[in-house]
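K.L.:
Pasting a predicted model and its sequence here:
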Amino acid sequence: MRYAHAVADVRAAERELMARLPEGALMQRAAFGLATVAADMLRDAGSVYGSRVALLVGVGDNGGDALYAGALLAGRGVAVHALLADPDRAHEGGLSALRDAGGRIVADAAVLDQADLVVDGLLGIGGRGGLRGEFARLAEAAHESGAPILAVDLPSGIEADTGEVSGPAVRADVTVTFGTHKPGLFVDPGASHAGIVEFVDIGLEFPPSVEPVLENLQVQDVRALLPAPGRSSHKYSRGVVGLAVGSERYPGAALLAVGAALRSGVGAVRYSGPVDVVSSYPEVIAGGGKVQAWVVGSGLGRDDEAVRRLLNVLATDVPVVVDADGLRLLPRKAFERSAPTIITPHAGEAAALLDVTAEQIEGQRLEYVRRLAQSYDATVVLKGPLTLIAGPQTSRVRVNTHAGPVLATAGSGDVLAGIIGGLLAGGLSPYDAASAGAYLHGATGLLAARSGPVAAGDLVASLPLAWHNIQE
Ligand SMILES: NC(=O)C1=CN([C@@H]2O[C@H](COP(=O)(O)OP(=O)(O)OC[C@H]3O[C@@H](n4cnc5c(N)ncnc54)[C@H](O)[C@@H]3O)[C@@H](O)[C@H]2O)[C@@H](O)CC1
Ligand SMILES: Nc1ncnc2c1ncn2[C@@H]1O[C@H](COP(=O)(O)OP(=O)(O)O)[C@@H](O)[C@H]1O
Ligand SMILES: [K+]
């Protein structure tokens with residue numbers, strides 16, 4: 001598991017660690033890690049010795065990290081130039097170290113045009129709001145130079161605790177983050193500014209009483225969650241999932257969701273609805289019957305018949321995944337259920353559920369995924385390039401990073417709903433089914449994309465191998 005912690009908790013952990021270490025030791029650890037990544041980038045682009053690096057230096061310790069890393073690079077024969085956003089307030093120790101190592105402090109931003117790499121040390125976890133004044137001008141000039149940008153701790157201008165971006169911000173190619181991930185590196189739009197995130201361990205420790213803001217499942221976490229049939233398993237003990245999806249107008253949604261559910265580890269799949277799924281999937285049991293979880297909504301349409309099918313499923317006492325049209329039809333009172341509910345909105349559906357705009361959702365994803373979980377008393381899968389998962393009972397949010405833009409294809413959401421339904425029926429908790437489901441769905445996309453452009457049916461076809469790869 002990877003974790004992201006709140007700034008206040010990072011500060012407390014830093015204080016605790018600094019009290020036990022010689023002065024400046026933590027910053028040296030950070031700078032060493034930063035310089036190592038910078039040198040790797042320079043080597044990959046040609047060579048470290050003889051290359052040119054420009055530092056953007058703010059007024060806090062983030063700039064200090066950049067200056068000390070610049071000193072280390074200068075010691076390896078790199079021509080290092082530092083541009084100071086506010087010369088009177090730049091980190092003094094860092095400035096002396098850079099000068100002593102042969103680096104130069106300059107005022108002319110033209111050095112950016114010759115730079116092989118720009119290091120963004122404008123703002124770290126002390127930043128508030130978008131970049132202002134000289135900070136914004138330096139970032140703009142760095143973007144215009146076209147040089148690769150390496151951000152220190154997080155891209156300057158993004159909110160560390162939320163990933164919100166309220167003004168000008170750096171767009172980095174790589175971000176080196178220290179001690180723990182910051183929530184803003186996992187939540188869009190901030191995360192989309194970070195590029196590849198490299199983690200540098202500086203020895204920070206968080207006591208068990210400190211809750212991380214975010215959890216990011218790794219392959220071993222998903223492996224531990226996926227149900228595995230035992231020697232004496234039978235089809236009913238493995239779980240039966242029912243799907244009330246698809247309609248005469250949207251038959252494809254039923255085929256995709258059912259196809260995915262069949263390959264999500266369950267013992268049997270029941271289908272309730274007008275679509276002929278049995279011709280394509282003879283394994284499916286047509287009609288109702290006892291199930292351990294339902295999926296409803298994908299391709300349901302929005303007519304009276306759709307409402308009837310939705311309400312029938314919501315009236316059951318088993319966990320339910322509500323997707324797509326189901327979300328559009330959802331009367332709030334329907335959520336007074338005895339069993340858990342999972343809802344799987346994208347930003348547009350989330351906006352309709354909360355009566356706000358999709359832009360508001362996209363701008364404050366962490367805030368809104370939590371709000372949805374609270375107001376609908378449901379586990380929420382807020383879909384997008386980085387899907388967030390929130391539960392009604394926990395303040396911890398999970399984020400899925402194991403995905404790619406190939407998933408942005410019609411019918412992809414139907415596949416996700418089928419996978420999550422299958423995992424629920426297989427016995428996972430709603431929170432685990434939603435997060436492992438998002439990972440598995442992402443894995444099908446990454447796998448299918450190796451053979452070229454991907455249709456949602458290819459995600460279904462890739463599911464067995466994606467599952468197998470996770471289990472290896
Ligand atoms: N505290 C520690 O022990 C360590 C901190 N480290 C580094 O220190 C950073 C945090 O340093 P600081 O707390 O000094 O904070 P910053 O370096 O983020 O600087 C914050 C200051 O910038 C100004 N500012 C804030 N928002 C602004 C905006 N939008 N536009 C222009 N100016 C703005 C304010 O004067 C504020 O005090 C971390 O991100 C990390 O890079 C690392 O060296 C590891 C150890
Ligand atoms: N750029 C992207 N990168 C990664 N995943 C994406 C991206 N865009 C969309 N997705 C994922 O693809 C799926 C699309 O679902 P949805 O919007 O319901 O599509 P549809 O209604 O066509 O099935 C979601 O799981 C979402 O998280
Ligand atoms: K930064």
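P.N.:
Okay, I see it. Ligands and ions are numbered 1, 2, ... in the order given.

K.L.:
Every contact and neighbour count from this point should use C-alpha atoms.
P.N.:
OK.

K.L.:
What residues of the top helix by length along the chain count as buried?
P.N.:
For the chain, the helix with the greatest residue count under DSSP state H is helix 25-45. Across helix 25-45, burial judged by 16 or more other C-alpha atoms under 10 Å covers 26-39, 41-42.

K.L.:
Ok, stretch 404-418 next?
P.N.:
Residues of stretch 404-418 classed as buried by neighbour count (16+ other C-alpha under 10 Å): 404, 406-407, 411-418.

K.L.:
and that stretch, how far from the chain's centre?
P.N.:
Remark: stretch 404-418 is offset 16 Å from the chain centroid, using C-alpha atoms, centre = their mean, to the nearest Å.

K.L.:
What's the end-to-end length of it?
P.N.:
19 Å (C-alpha to C-alpha, to the nearest Å).

K.L.:
Please give me every residue in contact with whichever residue of the stretch 301-450 of the chain sits closest to ligand 1.
P.N.:
With distances taken as C-alpha to the nearest ligand atom, the stretch 301-450 of the chain approaches ligand 1 most closely at Gly363, which sits 17.3 Å away. For Gly363, the contacting residues are 164-165, 188-189, by C-alpha atoms under 8 Å, 6 or more residues apart in numbering.

K.L.:
6 Å instead?
P.N.:
For Gly363, no contacting residues are found, by C-alpha atoms under 6 Å, 6 or more residues apart in numbering.

K.L.:
Compute the distance between it and Arg171, please.
P.N.:
Gly363 sits at a distance of 16 Å from Arg171 (criterion: C-alpha to C-alpha).

K.L.:
The helix or strand encompassing Ala260 near ligand 2 anywhere?
P.N.:
Secondary-structure assignment from DSSP states H and E places Ala260 in helix 251-262. No - no part of helix 251-262 sits close enough to ligand 2 to count as contact by C-alpha under 6 Å from any ligand atom; the gap is at least 8.0 Å.

K.L.:
Output the contacting helices and strands for that helix.
P.N.:
Under the contact definition 3 or more C-alpha pairs under 6 Å, 6 or more residues apart in numbering; DSSP states H and E, helix 251-262 sits against helix 412-425.

K.L.:
What mean pLDDT does the next helix or strand after the helix it packs on get?
P.N.:
On the C-terminal side of helix 412-425, the closest following helix or strand by DSSP H and E is helix 430-448. Helix 430-448 carries an average pLDDT of 98.

K.L.:
And the helix or strand where Gln220 lies, what's buried?
P.N.:
Assigned by DSSP H and E, Gln220 falls within helix 219-225. Judged by neighbour count using 16+ other C-alpha under 10 Å, the buried positions of helix 219-225 are 219, 222-223, 225.

K.L.:
How about stretch 229-239?
P.N.:
237-239.

K.L.:
what is the mean pLDDT for it?
P.N.:
Mean pLDDT, taken over the full extent of stretch 229-239, equals 90.

K.L.:
and what of stretch 302-320?
P.N.:
Regarding stretch 302-320, the rounded mean pLDDT is 96.

K.L.:
One more: stretch 72-88?
P.N.:
Stretch 72-88 comes out at a mean pLDDT of 98.

K.L.:
Please apply the same query to stretch 336-345.
P.N.:
95.

K.L.:
do it and ligand 2 meet?
P.N.:
No - for stretch 336-345, no contact with ligand 2 is found by C-alpha under 6 Å from any ligand atom; the gap never falls below 7.0 Å.

K.L.:
got the contact list for that stretch?
P.N.:
Contacts made with stretch 336-345 from outside it, assessed by C-alpha under 6 Å, 6+ apart, are listed as 317-323, 378-382.

K.L.:
out of the buried residues of helix 25-45, who's nearest ligand 1?
P.N.:
Nearest to ligand 1 among those is Met27, at 3.7 Å by C-alpha to the nearest ligand atom.

K.L.:
can you give me the angle the helix holding Ala260 makes with helix 430-448?
P.N.:
100 degrees (axes from the mean of the first three to the mean of the last three C-alpha atoms, to 10 degrees).

K.L.:
I would like the residues contacting the helix or strand following helix 251-262, please.
P.N.:
The C-terminal neighbour of helix 251-262 among helices and strands, as given by DSSP H and E, is strand 268-271. Counting by C-alpha under 6 Å, 6+ apart, the neighbours of strand 268-271 from elsewhere in the structure are 240-243, 284-287.
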